[in-house]
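*Asks:* the following block contains a protein sequence and its predicted model.
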Amino acid sequence: MTPLITATAAPLATPDLPPPADVLLDVRDLRTYFHVMDGTVRAVDGVSYSIKRGQTLGIVGESGCGKSVTALTIMRLLDIPPAEIASGSVWFKGRNLLCLPEDQMRRVRGNEISMIFQEPMTSLNPVYTVGDQITEGVVLHKKLSKKAGLEKAIESLRLVGINNPERRVKQYPHELSGGMRQRVMIAMALACDPDLIIADEPTTALDVTIQAQILELIRKVQDETGAALMLITHDLGVVAETVQDVIVMYAGRVVESGTVDEVLLAPKHPYTKGLLESIPSKGKRGQRLNVIKGTVANPFNLPAGCNFAPRCPYAFGPCSTHDPQIEAASPPDVACWLYTRAPGGPPPPRLRPHLAPLAGEPS
Amino acid sequence: MAKTIRPTEPLAVDHSHVAEIAAEEAGTQDFEVALVSLNQWQLAWRRYRRHRLAVIGSGFLLAMIAVAIFGTILWPYNPNDIPGVTTPGGDPPTLNPIENLFGTDFGGRSVLQMVIVGARISVAVGLFTMLIATTIGVTIGALAGYAGGRLDGALMRFVDLMLAIPFLFVILVAARFFGGGDPVTLIVIFGLLFWAGLSRLVRALYLSLREAEFVEAAKAVGVSDMRITFRHILPNALGPIVVSATLIMAGAIVTEAFVSFLNFGIRATDVSWGNALSNSKGYLLQGNWWWPFFPGMALALTVIAVNFIGDGLRDALDPRSKE
């Protein structure tokens, strides 16, 4: 099995120069591989996207599609080895983060980019008070005194809607409920006034009633502080309510991108369609729920051609031999042969009615 | 509406605030509840207090430390003051004079005073060996466990080497060669030899704790590796370390007595419990039981006390023992 064009031979879509000033984060052709005993996992394999200042981006996909690894790569929090950042660049405020020395990178973490984690129950250190933990980052980055740091901690706890923050700062994590702890994590992320907040499944570990509150809170503080937000989730409902732009990832690649309305109301890629159809809704009462057949591609043995082809109900000729990600024309707002000039001719007519019409193409 | 909840002894504090937070999150009302908030050390102290033997043990050890510090100040000891004896090998215990409560040795010196003076060396050897060995062991174990990779490999092979050394042999040779019977030298030798087991324990703790999510969260805040190692992870690993440190202390006290008994430790003219035991061994057959008995009891009780403390700390610091 010889790939027609190797991944490394793919030309960069844009020359490696800093993006325009209004683009806060520009990720280009990012590839993160893990070298483990059984071989190499291409966890992130040629991902590109950008976020403008103050904007919000959602990254959606199943477990294991590489969405969290993308975030950890941007923050440079992966252990190298086993991880390897094989190629790509991460432009943030005019600097390529992948080329920054570690001590400068540490000044970016928590200060200019901060992160909210999935597990509020375990992401707080059990031996320190809430106040200590929020204060630490502020003292570290803003060179404040301990006392001024504590003031700042109280202020950010108030911002995330915690009553009586003067008392809460003296409490330990085990004295707080899950929702409260996630509020504390958000307060920690806000304390240094970052330009970008990365929220990695911030509501997954919370129960549904708290989820809505936390999402509302994230949206509110994002609005108030003017920070850009990158929201990683597998929940399309969360994306629909919270962000402006969205990218859909599958097996380490972006399969579709666009505004929330474009992607969720008029999905193009069969994977996105499958995801949306698998959500239960009132209108589908009494019907059998559609699911995407099969499981996520084996990372050690990715199929030739399109990664999604083996599970795709629309797969035709070129899908199992040619990779749309690499060979399709740019910009790839959807990586699928149904929407580009496929090698070996257009898709058979039986697939045509399923397609959303493309601008400038006779339907 | 002000309401005060003070958790009484058997009430676990982890649950006493649930209702209050639920009410707060619902945002329905904002009533004040003053709550006694306990950190993990306060919780551990409450559990420790219930371990009776450990409390007795800490009382005994504190008394022994007080004796070691103030004993010779209140009752000055002059090694050249040898009153002489009425019976060869020393007099049996007597209430008059009270100084001879524990009897006297062959020179007529009070065994009670020997015990008091000897406490200085035993307590000092125990405490300072513990400090040195724990410092080295924690540092090496933490670096190996947190850094991993080649540094871990190199440090752990060195630890294997340390554990493969026949301790007794090295102690005897080193004590004779470097020391000339100086307690400080003995402490340094013990400290340099006793850390290896602890470092393995610390490494194992770090291997699991470095994967904890609060460590990743700290990294995401931009905290340096050094600070994560010693400020974020170390307090979480402190329980097992403290327990292990008390065992090192007990081991060091016994080893000092043992090495001194073999005349390789503290010089014969100094007074330590081991020396007293050693000096007395020739007179045992005459029935002079008091001479080895009282220093030996002091030694045994101190070691037992330290072990009880370790026991109590293990129960108190284990977060799973919630009773």
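*Replies:* Yep, that arrived.

*Asks:* center of chain B - which residue?
*Replies:* Nearest to the mean C-alpha position of chain B, by Cα atoms, centre = their mean, lies B:T246 at 3.2 Å.

*Asks:* tell me which element it is part of?
*Replies:* Assigned by DSSP states H and E, B:T246 belongs to helix B:234-261.

*Asks:* please apply the same query to B:G59.
*Replies:* Assigned by DSSP H and E, B:G59 falls in helix B:52-74.

*Asks:* what sits against A:G137?
*Replies:* A:G110, A:N111, A:S114, A:M188, A:A191, A:C192, B:V221, B:G222, B:V223 (Cβ atoms under 8 Å, 6 or more residues apart in numbering or on different chains). All C-beta spots, glycine's among them, are computed from the backbone N, C-alpha and C.

*Asks:* would you mind listing the buried residues in the longest helix seen in chain B?
*Replies:* Longest helix in chain B by number of residues, with DSSP state H as the criterion: helix B:111-147. Buried residues in helix B:111-147, counted by 16 or more other Cβ atoms under 10 Å in any protein chain shown: B:111-130, B:132-134, B:136-146.

*Asks:* and A:L30, its phi and psi?
*Replies:* Main-chain dihedrals, A:L30, degrees, to the nearest 10: phi -80, psi 130.

*Asks:* likewise the one 10 residues further on?
*Replies:* When read as degrees, to the nearest 10, the backbone of A:T40 gives phi -110, psi 130.

*Asks:* which non-adjacent residue is nearest it?
*Replies:* A:Y33 (5.3 Å; Cβ to Cβ, 6 or more residues apart in numbering or on different chains).

*Asks:* what helix or strand is A:Q213 located in?
*Replies:* Assigned by DSSP H and E, A:Q213 belongs to helix A:208-225.

*Asks:* contact partners of that helix?
*Replies:* Helix A:208-225 is contacted by residues A:56, A:116, A:159-161, A:178-179, A:182-183, A:186, A:190, A:193, A:197, A:199, A:202-203, A:206, A:227-229, A:231, A:238, A:241-242, B:25 when judged by Cβ under 8 Å, 6+ apart.

*Asks:* from those, which land in helices?
*Replies:* Among those, the members found in helices (DSSP H) are A:L159, A:G178, A:G179, A:Q182, A:R183, A:I186, A:L190, A:V238, A:E241, A:T242, B:E25.

*Asks:* and A:M230, how far is that from chain B?
*Replies:* Computed as Cβ to the nearest Cβ, to the nearest Å, the A:M230 to chain B distance reads 13 Å.

*Asks:* wait, that residue sits on A:A71?
*Replies:* Yes - counting by Cβ atoms under 8 Å, A:M230 does reach A:A71; the two are 6.9 Å apart.

*Asks:* what sits in contact with each of the two?
*Replies:* Shared contacts of A:M230 and A:A71 (Cβ under 8 Å, 6+ apart): A:I59, A:I198.

*Asks:* wait, A:W91 sits on A:P20?
*Replies:* No - counting by Cβ under 8 Å, A:W91 does not reach A:P20; the two are 10.2 Å apart.

*Asks:* who's more crowded, these two?
*Replies:* A:W91 (20 against 8; other Cβ atoms under 10 Å in any protein chain shown).

*Asks:* please name the bridge partners of the more buried one.
*Replies:* Following DSSP bridges, A:W91 is listed with bridge partners A:D26, A:N96.

*Asks:* show me which residues of stretch A:40-60 are buried.
*Replies:* Neighbour-count burial for stretch A:40-60 flags A:41-52, A:54-60 (criterion: 16+ other Cβ under 10 Å).

*Asks:* where does the stretch 201-323 of chain B dip in pLDDT?
*Replies:* Along the stretch 201-323 of chain B, segments meeting pLDDT under 70 span B:318-323.

*Asks:* let me see the ranges of the helices in it.
*Replies:* Under the criterion DSSP state H, counting those that start in this stretch, the stretch 201-323 of chain B contains helices at B:213-221, B:225-227, B:234-261, B:273-280, B:290-317.

*Asks:* what's the answer for the stretch 1-150 of chain A, then?
*Replies:* Shown for the stretch 1-150 of chain A, the helices assigned by DSSP H, counting those that start in this stretch span residues A:67-74, A:102-108, A:130-142, A:146-159.

*Asks:* residues from the stretch 1-150 of chain A in reach of chain B?
*Replies:* Residues of the stretch 1-150 of chain A lying near chain B by Cβ under 8 Å from any Cβ of the partner chain: A:75, A:77, A:106-111, A:114-115, A:117, A:119, A:122-129, A:136-137, A:140-141.

*Asks:* just the buried residues of the residues you listed.
*Replies:* Using 16+ other Cβ under 10 Å as the burial test, those include A:75, A:77, A:106, A:108-111, A:114-115, A:117, A:119, A:122-125, A:127-129, A:136-137, A:140-141 as buried.

*Asks:* number of residues surrounding residue 238?
*Replies:* Reading this off chain A. Around A:V238 there are 24 other residues, counting by other Cβ under 10 Å.

*Asks:* hm, I was asking about chain B
*Replies:* B:L238: 18 surrounding residues under other Cβ under 10 Å.

*Asks:* quick one, what contacts it?
*Replies:* Counting by Cβ under 8 Å, 6+ apart, B:L238 touches B:L317.

*Asks:* swap the cut-off to 10 Å and go again
*Replies:* A:V127, B:Q40, B:W41, B:A44, B:V138, B:L205, B:A245, B:L317 (Cβ atoms under 10 Å, 6 or more residues apart in numbering or on different chains).

*Asks:* also A:H141?
*Replies:* A:106-112, A:114, A:191-194, B:221-222.

*Asks:* which of these sit farthest apart?
*Replies:* Greatest spatial distance in the contacts of A:H141: A:R106 and A:D193, 17.3 Å, computed using Cβ to Cβ.

*Asks:* how close does B:A142 sit to B:R200?
*Replies:* 12 Å (Cβ to Cβ, to the nearest Å).

*Asks:* picking that back up, which residue packs closest to the residue nearest to the centre of chain B, ignoring adjacent ones?
*Replies:* In space, B:T246 is closest to B:G310, 3.6 Å off (Cβ to Cβ, 6+ apart).

*Asks:* so the one you found sits against B:I241, correct?
*Replies:* No - look at B:G310 against B:I241 with Cβ atoms under 10 Å: they stay out of range, at 11.5 Å.
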